[in-house]
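>>> Got a sequence here, can you build the structure:
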Amino acid sequence: MSVNLNVNSLLDYIRQYSEEKDYAAMLEHTNILLAKDPDNGEYLLYKLKALEGLGKATSDIKFLHHYIKSRSTDITGYLLLYRSSLERDDVVTAIFCLVFSLSIEPDNEQVISLLLDILQDINPEYKRVKINVMTTSRIGHLSCEIEPLFRSIQDQPQDCLYIFLRGGGNIANQYLFDLLENFANIIVDSFWMNLYLSRPLLLNEFFLAEFPYDNNLMLRGVLASNVSITGFKNLCSIYNNFPRFLKIPEQDITLGWQLLANKNLYKEDKLVCLHVRDSAYLSSVSTSHDFSYHDFRDAKISSYQKSIEHLLSQGYKVIRIGANTNQRLELESNNYFDFCLDRDEVHGEFLEVFMLDVCQFFIANFGGPYGVAAMLDTPTLVVNGAPIQQPYMKYGRFIPKRLFQGKEEINLLDVCADKPLSADNNTPIHLSFNSSEFENYNYHYLDNSEDEILQAVVEFEKLVENRVLDMSLTERQEAYYNALPDSFCHKNKCVITDCFLKQHEHIFQLTAKEAE
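Modelled structure (predicted):
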């Protein structure tokens with residue numbers, strides 16, 4: 001009969017039961033109200049009072065989650081969930097509850113004391129806690145979030161507990177994720193992850209573990225262009241000024257060589273890894289999202305054949321890596337291996353990371369594996385680089401795709417000086433990652449030719465010894481570097497190859513006098 005009562009009648013009964021302390025009846029009638037209006041803050045308070053009266057306020061976790069989501073600036077729900085988490089020995093949830101409580105009431109001395117007590121129990125050195133959400137579905141993001149953060153703080157006092165949240169979705173490379181998990185506290189918790197993603201500004205910045213390159217800042221109102229500018233500057237600085245942090249365990253190194261030996265690849269060999277970006281991988285990541293706007297960054301594997309044949313003639317073994325591909329190179333050689341097409345279904349993700357860690361150098365595009373190579377300090381030559389952006393790693397060189405608007409070739413130093421897409425669109429060309437946007441303004445990139453790639457590979461190979469690239473610059477490269485504006489967020493010593501600068505001086509405004 002109560003189900004058919006109108007809202008006002010139900011409210012009258014609830015108030016009456018509250019006065020009479022008949023909390024069972026109060027809960028029954030409140031549940032009827034919440035069935036009519038599930039997120040009503042007033043009704044949720046009535047239910048909370050009824051549960052407290054019945055001594056069950058901390059036992060209904062589902063309700064506490066609902067209460068927090070609906071009344072996220074009321075610390076009552078967080079503190080009740082905190083008590084519930086202690087009862088279940090769930091320390092992480094307890095910490096999150098206190099962190100969000102302090103984000104709402106930063107001067108609450110009782111909550112401050114509770115948080116410090118928990119941190120001290122974990123580690124007497126801890127005085128702070130910081131949280132962020134990982135991006136696990138793309139290997140480039142997976143490699144450039146946690147590792148460079150820890151690389152940059154490894155020599156600082158370890159007085160902060162870092163906790164990283166992730167959802168239960170796709171992980172781009174399980175082995176790399178496992179390596180990160182060896183030193184970072186990574187938690188799967190959809191409730192807290194969704195709470196942060198839906199209310200990013202609710203978490204006080206004091207508790208935010210900001211990544212060097214942090215796409216999550218866009219949720220906090222930071223422009224995508226500013227995220228990119230700051231992110232690239234941070235990564236350049238970190239990789240060039242801090243020693244490597246992540247190491248592959250010895251037992252994994254042993255396993256890696258055992259697996260490669262089965263494929264006729266040995267520790268004594270000179271290995272070069274190759275990644276040629278195409279549309280197959282991103283298409284496989286999600287069938288519901290169209291990634292074709294990235295296609296201008298792709299390349300044709302056929303244009304790499306001369307370079308591969310050159311490396312083979314110099315005694316190298318060349319291994320193509322990547323998860324998926326829609327291209328095949330018609331090259332018959334016992335020393336060329338295509339692990340995209342002949343991928344180890346069990347160990348493929350591990351071998352990809354391992355080979356990037358042991359190869360002499362890496363020929364890459366600006367794609368996911370490039371980020372892993374940066375993390376491992378692997379000397380890397382980026383070819384078909386688009387948009388123009390110097391590698392942010394410690395040891396790198398690159399050649400960009402040339403850029404045209406109609407038939408007119410664009411000066412790439414102008415691009416580095418933040419040349420906008422047009423008079424009515426001030427997005428810098430080097431920060432535009434949308435091919436349809438390019439087409440609207442009649443821009444197109446020209447892929448590097450076979451000979452351009454070959455010349456770059458020949459030059460680069462001569463500079464690498466024992467996985468270390470000679471980073472000294474030629475006079476021509478010095479002139480190019482000095483001509484780059486300081487505002488260019490990619491500016492660092494990972495410059496364009498000398499051969500490419502010499503061949504295309506006109507698009508860098510380098511006169512013969514400047515170069516000589």
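
>>> For the spatially most central residue of the chain, give its distance to Leu195.
For the chain, His141 is the residue whose C-alpha lies nearest the centre (CA atoms, centre = their mean; 1.9 Å). Distance of His141 to Leu195, given as CB to CB, to the nearest Å: 21 Å. Just so you know, the C-beta spots here come from the backbone N, C-alpha and C atoms, and that holds for glycine as well.

>>> ok so Lys317 is a strand residue?
Yes. Counting by DSSP: H, G, I helix; E, B strand; the rest coil, Lys317 falls inside a strand.

>>> isn't it right next to Lys267, touching?
No. Here Lys317 lies out of contact with Lys267, judged by CB atoms under 8 Å, at a distance of 11.8 Å.

>>> So between these two, which is more surrounded?
Lys317 (22 against 11; other CB atoms under 10 Å).

>>> Leaving aside the residues adjacent along the chain, what's closest to the more buried one?
Asn335 (4.5 Å; CB to CB, 6 or more residues apart in numbering).

>>> What count of nearby residues applies to that neighbour?
19.

>>> How about Gln120?
Gln120 has 12 neighbouring residues, counting by other CB under 10 Å.

>>> Domain ranges for this protein, per the record?
Following automatic domain parsing, one finds the domains of the chain at 123-247, 250-515.

>>> same question for the last one, mean pLDDT?
When you say that, I think you mean domain 250-515. The predicted model assigns domain 250-515 a mean pLDDT of 88.

>>> now it: how far from the chain's centre is it?
19 Å (CA atoms, centre = their mean, to the nearest Å).

>>> got it, and stretch 247-264?
Using CA atoms, centre = their mean, the offset of stretch 247-264 from its chain centre is 26 Å.

>>> Please confirm that Ile186 is located within a strand.
Yes. According to three-state DSSP, the state of Ile186 is that of a strand.

>>> mind listing what it touches?
Going by CB atoms under 8 Å, 6 or more residues apart in numbering, Ile186 touches 134, 164-166, 177, 180.

>>> Can you lay out those as TSV showing neighbour count?
Below are these laid out as TSV (neighbours: other CB atoms under 10 Å):
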residue	neighbour count
Met134	22
Phe164	21
Leu165	23
Arg166	19
Phe177	19
Leu180	22
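
>>> what's the distance between the residue nearest to Lys317 and Leu311?
9 Å.

>>> tell me which residues of stretch 119-129 are tucked away?
Across stretch 119-129, burial judged by 16 or more other CB atoms under 10 Å covers 119, 126, 129.

>>> tell me what the helix or strand harbouring Ile118 is packed against?
Ile118 belongs to helix 109-122 when assigned by DSSP states H and E. Judged by 3 or more CB pairs under 8 Å, 6 or more residues apart in numbering; DSSP states H and E, the packing partners of helix 109-122 are helix 75-87, helix 91-104, strand 128-133.

>>> next helix or strand past the lengthiest helix in the chain?
Ranked by number of residues, the top helix in the chain under DSSP state H is helix 224-241. Following helix 224-241 in sequence order, the next helix or strand is helix 250-261 (DSSP H and E).

>>> Could I get the buried residue list for that following helix?
252, 255-256, 259-260.

>>> List just the nearest of these to Thr76.
Asp252 (47.6 Å; CB to CB).

>>> for that closest one, what are its contacts?
Per CB under 8 Å, 6+ apart, neighbours of Asp252: 350, 354.

>>> Apply 10 Å and report the result again.
When contacts are counted by CB atoms under 10 Å, 6 or more residues apart in numbering, Asp252 touches 175, 178-179, 350, 353-354, 357.

>>> Let me see the mean pLDDT of the longest helix of the chain.
For helix 224-241, mean pLDDT rounds to 94.

>>> Mind giving me the packing neighbours of that helix?
helix 146-153, helix 368-375, strand 425-428 (3 or more CB pairs under 10 Å, 6 or more residues apart in numbering; DSSP states H and E).

>>> and if we set it to 7 Å?
With contacts defined as 3 or more CB pairs under 7 Å, 6 or more residues apart in numbering; DSSP states H and E, the packing partners of helix 224-241 are helix 146-153.

>>> got a list of contacts for the helix it packs on?
For helix 146-153, the external contacting residues (CB atoms under 7 Å, 6 or more residues apart in numbering) are 164, 180, 183-184, 209, 211-212, 235, 238, 242, 245-246, 375.

>>> By neighbours, which of the residues you listed wins?
Met375 (26 neighbours).

>>> So that one sits against Ser143, correct?
Yes. Counting by CB atoms under 7 Å, Met375 does reach Ser143; the two are 4.8 Å apart.

>>> Now do the phi/psi pair for Ile496.
phi -70, psi 150 (degrees, to the nearest 10).

>>> And it, how far from Ile429?
Distance from Ile496 to Ile429, by CB to CB: 16 Å.

>>> try Asp498
24 Å.

>>> Those two - which one has more neighbours?
Taking neighbours as other CB under 10 Å, Asp498 and Ile429 compare with Ile429 leading, 23 against 19.

>>> re earlier: may I see the contacts of helix 146-153 arranged in TSV, with distance to Ile321 as well?
What follows is the contacts of helix 146-153, written out as TSV (distance: CB to CB, whole Å):
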residue	distance to Ile321
Phe164	26
Leu180	19
Phe183	24
Ala184	25
Ala209	30
Phe211	25
Pro212	25
Leu235	21
Ile238	24
Phe242	26
Phe245	22
Leu246	18
Met375	15
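
>>> now, among those residues, which is nearest to Thr58?
Using CB to CB, the contacts of helix 146-153 come closest to Thr58 at Phe164, 26.7 Å.

>>> what secondary structure does Met393 sit in?
Met393 is classified as coil under three-state DSSP.

>>> list the contacts for it?
Applying CB under 7 Å, 6+ apart, the residues near Met393 are 239, 373-374, 380, 494.

>>> switch the cut-off to 8 Å
By CB under 8 Å, 6+ apart, the neighbours of Met393 are 239, 370, 373-374, 377-378, 380, 494.

>>> Let me know how buried the residue nearest to it when sequence neighbours are not counted is, in neighbour terms.
The shortest distance from Met393 to any non-neighbouring residue, by CB to CB, 6+ apart, is to Ala374 (3.6 Å). Using other CB under 10 Å, Ala374 has 29 neighbouring residues.

>>> Would you confirm that Ala374 contacts Cys144?
Yes. At 7.1 Å, Ala374 counts as touching Cys144 under the criterion of CB under 8 Å.

>>> overlap in contacts of those two?
Joint contacts of Ala374 and Cys144 (CB under 8 Å, 6+ apart) are Leu235.

>>> Let me know whether Asp451 touches Tyr304 as I believe.
No. Using CB under 8 Å, Asp451 makes no contact with Tyr304, being 11.7 Å away.
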